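> Just the structure for this:
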Amino acid sequence: MAYQYEAGFIGAGNMGGAILRGALAGGALAAEETAVFGVQKDKLAHTAAELKIAPYTDVQEIVRDCKILIFGFKPQKFDEVVPKIAEVYTNDKVVVSMAAGISIAYLEDYLGEGAKIVRIMPNTPALVGAGMTSVSRNGNVTDTELADVKRIFDALGRAAEVPEDMIHAVIGVSGSSPAFTYMYIDALAKEAQSGGMESAKALEFAAQAVLGAAKMVLETGLLPEQLRINVCSPGGTTIEGVEKLRELKFEETIRAGARAAVEKSKTMTK
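Next up, the predicted model:
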């Protein structure tokens, strides 16, 4: 079936807008095959003109015209918006939802058992093309359709398929963890400042160190534990710091923070 547009973004707020811009900038979507729906007409017109994409003010019209429908509105709006979408949705279209707590089963209740649904969990580094996005599908989504969806999110950094029941683990390991990492960077920078380093320079050193360490994990193939061993010389400064962090239960604290995010995700799911 021919569609007027490959992808339609139903809402383009902070995360939805980041995905939209990243997919266009990364070449995963062309402007002429992309549309966006919004309720704030001035903001919608500005976004559409800036990105040279088609604007829609009627949610049912964008559903009719697009092959992939990316839900970028807040979870509390689903009970209001999804019934309108369900009135015109057909099973040849793939729905992509990024809303925390909104399960595939919840969407199937509205859209029907034959609906093609992909649930994603991106994170905020997608704003700078360094995101990590989990991709989970129901049994109606084909490999080809999933590849079309995954290509959009690969343009924002990395994307990987996981079963939906792993979505809570994803929240802890990548969805919420950038906030923990910002706390870590801030603490390192503040300690450098206490030693006399200028604040902007301290942030640069701390953030680049974290970026470099992450790249070492992703690109060397070595486990984090081995990389830690490699940098800890006996009797040196690094092992001294590592032992102090162990004494203060640093790793246990990080795991507890991730666990708290996971448990909150479980209570939010419907």
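> where along this structure do the strands fall?
5-10, 34-37, 54-56, 66-71, 94-97, 116-121, 131-137, 157-161 (DSSP state E).
> Output those strands as a markdown table; include the columns distance to Thr238 and mean pLDDT.
Where you see a C-beta, it was placed from the backbone N, CA and C, and this is true even at glycine. Putting the strands of the chain into a markdown table (distance: least, Cβ to Cβ, whole Å; pLDDT from 0 to 100) gives the following:
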| stretch | distance to Thr238 | mean pLDDT |
| --- | --- | --- |
| strand 5-10 | 46 | 97 |
| strand 34-37 | 48 | 97 |
| strand 54-56 | 54 | 97 |
| strand 66-71 | 44 | 98 |
| strand 94-97 | 43 | 98 |
| strand 116-121 | 34 | 97 |
| strand 131-137 | 27 | 97 |
| strand 157-161 | 28 | 97 |
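> now the ones you listed in JSON lines, with mean neighbour count?
Shown next, in JSON lines, are those (neighbours: other Cβ atoms under 10 Å):
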{"stretch": "strand 5-10", "mean neighbour count": "25"}
{"stretch": "strand 34-37", "mean neighbour count": "24"}
{"stretch": "strand 54-56", "mean neighbour count": "20"}
{"stretch": "strand 66-71", "mean neighbour count": "24"}
{"stretch": "strand 94-97", "mean neighbour count": "24"}
{"stretch": "strand 116-121", "mean neighbour count": "24"}
{"stretch": "strand 131-137", "mean neighbour count": "23"}
{"stretch": "strand 157-161", "mean neighbour count": "16"}
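> Among the ones you listed, which comes closest to Asp186?
Proximity to Asp186 (Cβ to Cβ) singles out strand 131-137 among the strands of the chain, at 20.7 Å.
> what are the pairing partners of that closest one, and which direction each?
If you go by DSSP bridges, strand 131-137 pairs up with strand 116-121 (antiparallel), strand 157-161 (parallel).
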